[in-house]
Every structure is written in structure tokens, then in C-alpha cells.
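Asker: Give me coordinates for this.
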Amino acid sequence: MLMPDVFSAEHAPEMMVAFDASGALVGAASVAWQAVGDPAAFPVSVHVVPDARRQGLGRALLDAIAALVRGEAMSLQPWSVLREDSAAAAFCLATGFTVHHRVLHFLGEASEMEAMLASYREKLDRAGWIPPGARVVKLPEAPPAEVANLVSREFHGNPAALLARLHGVAGTPPDPDRSVVLLLDGVVVGAQLANIAADGILEVDANVVIPNLRRGWANLLLTHEGTRNSVAHGTKAFRFFCDDRVIDTVNLARRSGAERVAVDLVLRRAVGVDR
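Answerer: Alright, predicted model coming up:
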């Protein structure tokens, strides 16, 4: 009841709990015994009841979790992504977590992005840099298992879970008209998965190309065709995000006039360091 978000029908985390002098439960920390993310780390969550906060209890629970997983994991990460200006992020930074990188969220105009990408695409076409075997198709025309494997591998996810989502049997599937896949000689080498949010704005959930084709024609072709396709289906505005180390996407956002609307922190705390 204290930490409902960390439990699911398939998973229950390891927990440490804290009691006050009267025996009342005043705090808990949970850790998932499976390293995820990049770099991989054990997810941890801490909750202290309001009346018991600012007494070092949260810090002590984190130290206890770090001691518990020592020898099993190199580092800990927050249970969920944290906004840079949140109280939870401030707590983590005060208790030994450091910023590994940031995830930037943007809101842009689809037609402006498409026009900018079209100018670059024209240069690639004239130079003959796009291989004849490359083509972009809508999601339903691509092999779903290959798409699930590619996206899950690059985002450190579960291919089976994503495949179930693509088939519409678990979670909300990507929009079939606005999600596209890049094929090279019939093999899936990139994918852009998108959906329409409740406010009517297109949200890009994933935009990924295999490592050996990045920073070239593949990223541009996939992004341009995905944006052009979305505009053709009536998309006016769209939200997207990127790792702040992906300079190409950061530059695309800047050149298209997209507005940065939020920043998430990817945090890590080395195991074995008590703070």
C-alpha cells in the first residue's frame, strides 16, 4: 500500500522497510533484481511518509539497498524517469546519484520539420547517397518481430512485450498510419513508432536506426518519410525526445524551431558508496 507503483501482476521487488519507535511503518525502499538501462543498473524506489521526512530516513534506506545489492550490481537508478526540476530528482542528487545524461523533450510544428528535412533529402537524392534497396514502409507492411527486436535492443526493452503491443494484445499499439519502418534490401534497419496523444498531438515513441547506419542517409530518410507521412495524415504538431548526446536530433530540433518543453535526468549511483 505504501509503494503500489512498484508492484505488478508479474513482479514483486525486494524491499527494505523502516519503523519508528512506536512500531509504525514510516518508510520503504524497493529494488528490482534485474539490471536495465544504459548503463545497466538496478531500479530503486524510496518512499517515506511525510511526517518522517527530512530526518535522514530516505538516505538510510538507500544505503541499505546499496549494501543489499553489493556484489550483484554496479549501480542503482531511480525507478522511473525523473523531471529535472522535480523534488524526487533533487532528493536523488542529494543522496549520491549523479547525472549520466539528460533526455530532452521537444514540441514542434510538423510542416516546418518536413520542409526542413525535404531540403536535406533533396541533396541526398542528387548525390546518389541513398541505396537503391532502401525504402520506407508503413508499420503494417513490415515484419513485426524484426521491428520489435530492433527497437527493444536499442532501447534495452523486452522484445516480447513490444511484439505484443504491435499486435494490439498488450498496451496501446503504435498508430499504423503514422508509424514507419526503414527497410534495406528487405531487412528492417530502422523504425519510427508514433501515436496520437489524448490532446491530439502526435507523439514519437521511438526513432531508431541500426548503429552502423547512423549519422547518415538512413536517419534522414526515416525521419523525413515519417514526418511527411504524418503531415499527409493531418498531423499539425508533434512531440519527440532524444538523448542530449544525440547531436543530430538536437540540431534538427533547433533548425526546425521546435520548442524544448521538458528535461528528464538519467541518474546513476555507484553501489558501495554510502552518502
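Asker: any idea how far Ile210 is from Leu107?
Answerer: 28 Å (Cβ to Cβ, to the nearest Å). From N, CA and C alone the C-beta is placed, and that goes for glycine too.
Asker: quick one: the helices in the stretch 51-200 of the chain?
Answerer: Along the stretch 51-200 of the chain, the stretches classed as helices by DSSP state H, counting those that start in this stretch are 57-69, 87-94, 110-127, 144-155, 159-166.
Asker: tell me what the second one is packed against?
Answerer: Under the contact definition 3 or more Cβ pairs under 8 Å, 6 or more residues apart in numbering; DSSP states H and E, helix 87-94 sits against strand 82-83, strand 259-270.
Asker: Nearest to Ala21 among these would be which one?
Answerer: strand 259-270 (28.9 Å; Cβ to Cβ).
Asker: Could I get the average pLDDT for the closest one?
Answerer: Averaging pLDDT along strand 259-270 yields 93.
Asker: Can you check what angle separates that strand from helix 87-94?
Answerer: Angle of strand 259-270 versus helix 87-94, following axes from the mean of the first three to the mean of the last three Cα atoms, to 10 degrees, is 40 degrees.
Asker: what packs against strand 259-270?
Answerer: Strand 259-270 packs on strand 75-78, strand 82-83, helix 87-94, strand 98-109, going by 3+ Cβ pairs under 8 Å, 6+ apart.
Asker: Contacts for that strand next, please.
Answerer: 37, 39, 41, 62, 66, 74-78, 81-85, 89, 92-93, 95-108, 239, 241, 253, 275 (Cβ atoms under 8 Å, 6 or more residues apart in numbering).
Asker: Might you report the residue contacts of Ser8?
Answerer: With Cβ under 8 Å, 6+ apart, Ser8 has no contacts at all.
Asker: Please report how far it lies from Ala32.
Answerer: Taken as Cβ to Cβ, the span from Ser8 to Ala32 is 11 Å.
Asker: got it, and Ala66?
Answerer: Distance from Ala66 to Ala32, by Cβ to Cβ: 14 Å.
Asker: These two: which is more packed in?
Answerer: Ranked by neighbour count (other Cβ atoms under 10 Å), Ala66 and Ala32 place Ala66 first, with 24 against 18.
Asker: right, and that one touches Met74 too?
Answerer: No - counting by Cβ atoms under 8 Å, Ala66 does not reach Met74; the two are 11.1 Å apart.
Asker: Overlap of the contact sets of those two?
Answerer: Contact with both Ala66 and Met74 is made by residues Val271, according to Cβ under 8 Å, 6+ apart.
Asker: And for Val44, the neighbour number?
Answerer: Going by other Cβ under 10 Å, the residues that sit close to Val44 add up to 28.
Asker: Start the count at 453 instead of 1 going forward.
Answerer: Noted, 453 is the first residue going forward, which turns the last one into Val496.
Asker: what's near enough to touch it?
Answerer: Ala481, Ser482, Val483, Ala484, Leu514, Ile517, Leu528, Gln529, Pro530, Trp531.
Asker: Now the last one: closest residue in space that isn't a chain neighbour?
Answerer: Among residues not flanking Trp531 along the chain, Ser497 sits closest, at 3.7 Å (Cβ to Cβ, 6 or more residues apart in numbering).
Asker: now do the fifth one
Answerer: Setting aside the residues directly before and after it, Leu514 is nearest to Thr547 in space (Cβ to Cβ, 6+ apart), at 5.4 Å.
Asker: The one you found contacts Gly510, doesn't it?
Answerer: Yes - using Cβ under 8 Å, Thr547 is in contact with Gly510, at 6.8 Å.
Asker: These two: which has the busier surroundings?
Answerer: Gly510 (21 against 18).
Asker: distance of that one from Gly523?
Answerer: Distance from Gly510 to Gly523, by Cβ to Cβ: 23 Å.
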